[in-house]
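>>> For reference, the sequence and a predicted model appear below.
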Amino acid sequence: MAIKGLAQFRFKHITLALCAITLSLNLSGVTFAQAAAPTKEYQPAVPDSAPITDREYEQFATSLEQDIYAEPNVDFQKFCNMDWLTQRVAGDMDQKDTKIKDLMAGWKQGYIQSNPLSLMQQLVRDGGSYDFLKVLDGATGKQSKRVIFRMVRPDGGYNYHEFLLAKSPDGKVRAYDIFTHLNAEFQSETSRRLLLYYIQQNEAKLLTEISGTEKAELENVTKLQQMAEFNQLKQYEKALLVYYQMPEQTQQLKHVLTMRFTAAFGKMDHEEIIKTYDDFQKKYPADNCLNFLGVTYFSSKGDYDKTIKCLDAISQAIKGDPFLDIKKAEMYEAKDEYATAEKMTLAALQQDSSLIDGYWLMITISLNQEDHAKTLEWLKKIDSQFEMDWNDISAVEDYSEFIKSPQYKEWTKYLANKPKKK
């Protein structure tokens, strides 16, 4: 076979995309030697499907969430129809051609073995979360609804994943693609782009008549990979040097601008951060990806009003989430608008009492206001709601006034009288 070891080929960056690391590029109109040139912009296939009931959407999401939080490794094919996803990745490729058929079979096997859902499971084990949020209505296509999950990493970073579902003839409901909000791209698009990278480097003769951004990117595959590797190694200055060695057309691609933003922010080069954000905004003004970048960018500048606007835009895109309301409340707290921050946090916790960030924010607000009774109240609430291993807060500067209060003595007595864990 011309493409050796393809079954063992691991698309590392494809799996990272589900963790919101790899970002997007729409590779459309690529022709293959054995296939007729496409006559219109590439559109991924949507499987034929019988209608899916609201209960079936809920059942899919509940089952996925349960399996993510379970100890055994999650079965990816239980939730994703790989034949459907492979067809969307292949698009206009001629799968009757032996090499293309082998290529797609190898990609499919490698993707199954990489098991992107196992990354979500490991994220949960490391202290993050992956929770079913809602069934989202108003999407386009044959199935107008999608199941949306909120992903929160242990370091506090977050993203949203939409699962596009269809029902196979055997009646089982599975995903045929996943849309990630941070990079505003379908998983099939990410996979297709990386597959074309691989073809360019290993079987370039399969590609013909490439023009525009597709040609510009494939001609700079090596530099793109170098930039990604330097970012991963936290060698951000080197990543930026590689970026500026690429042609302007490649520099303006969305996922390349995002890698530039990562490098600029990692280097803490504020001038480069500003330039990158401005370039992104000029090129992709309506992209939700820009709002995620804006949260990082504006909050780092202390521009909390613009951060709130970005959070509002993300919230609008997913039709609301109390988690984002708490992120907004954090910005109001940073502005010393404690009443607004407290009101927003309490409303969010009323919707979802499992959001631990809200409890910590209420403690922060009470410490800033030196309301020791409220600090004690929320320390007890967080202790009763979550499994906590408390360190000595007397060593924490933020609690310096609280530890002088009678409420601190009550807190130490409360901890001393707690039943010991068995």
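That came through, no problem. Please read all numbers here as calculations on a predicted model, not as lab measurements.
>>> Past the longest strand along the chain, which element shows up next along the chain?
In the chain, assigned by DSSP state E, the strand with the most residues is strand 158-167. Along the chain past strand 158-167, the next helix or strand (assigned with DSSP states H and E) turns out to be strand 173-180.
>>> re earlier: how far does the longest strand of the chain sit from the chain's center?
Averaging C-alpha positions (CA atoms, centre = their mean, to the nearest Å) puts strand 158-167 11 Å from its chain's average.
>>> tell me which strands and helices it is in contact with?
In terms of contacts (3 or more CB pairs under 8 Å, 6 or more residues apart in numbering; DSSP states H and E), strand 158-167 is packed against helix 54-69, strand 146-152, strand 173-180. (C-beta placed from N, C-alpha, C; glycine too.)
>>> for the shortest one, which positions count as buried?
For strand 146-152, the buried set under the neighbour-count rule, 16 or more other CB atoms under 10 Å, comprises 146, 147, 148, 149, 150, 151, 152.
>>> okay, the angle between that strand and strand 173-180?
Computed by axes from the mean of the first three to the mean of the last three CA atoms, to 10 degrees, the angle separating strand 146-152 from strand 173-180 equals 50 degrees.
>>> quick one: contacts of strand 146-152?
Contact with strand 146-152 is made by 19-20, 57, 60-61, 64-65, 120, 123, 128-136, 139, 158-165, 179, 318, 321, 323, as judged by CB atoms under 8 Å, 6 or more residues apart in numbering.
>>> Of these, grab the buried ones for ChimeraX.
In ChimeraX, selecting the buried portion of the contacts of strand 146-152, with burial taken from 16+ other CB under 10 Å, looks like this:
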select :19,20,57,60,61,64,65,120,123,128,129,130,131,132,133,134,135,136,158,159,160,161,162,163,164,165,179,318,321,323
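>>> could you give me the average pLDDT of stretch 350-360?
In this model, stretch 350-360 has a mean pLDDT of 96.
>>> Keeping just the C-alphas, turn it into CSV.
What follows is stretch 350-360, C-alpha atoms only, in CSV (Å, rounded to 0.1, in the frame of the first residue of the first chain):
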residue,chain,number,x,y,z
GLN,A,350,-30.4,29.2,42.0
GLN,A,351,-30.3,27.8,38.5
ASP,A,352,-27.4,25.5,39.1
SER,A,353,-26.2,24.9,42.7
SER,A,354,-23.2,22.8,41.6
LEU,A,355,-21.2,25.7,40.2
ILE,A,356,-18.4,25.9,42.8
ASP,A,357,-17.0,29.1,41.3
GLY,A,358,-20.1,30.9,42.5
TYR,A,359,-19.5,29.9,46.1
TRP,A,360,-15.9,31.1,46.0
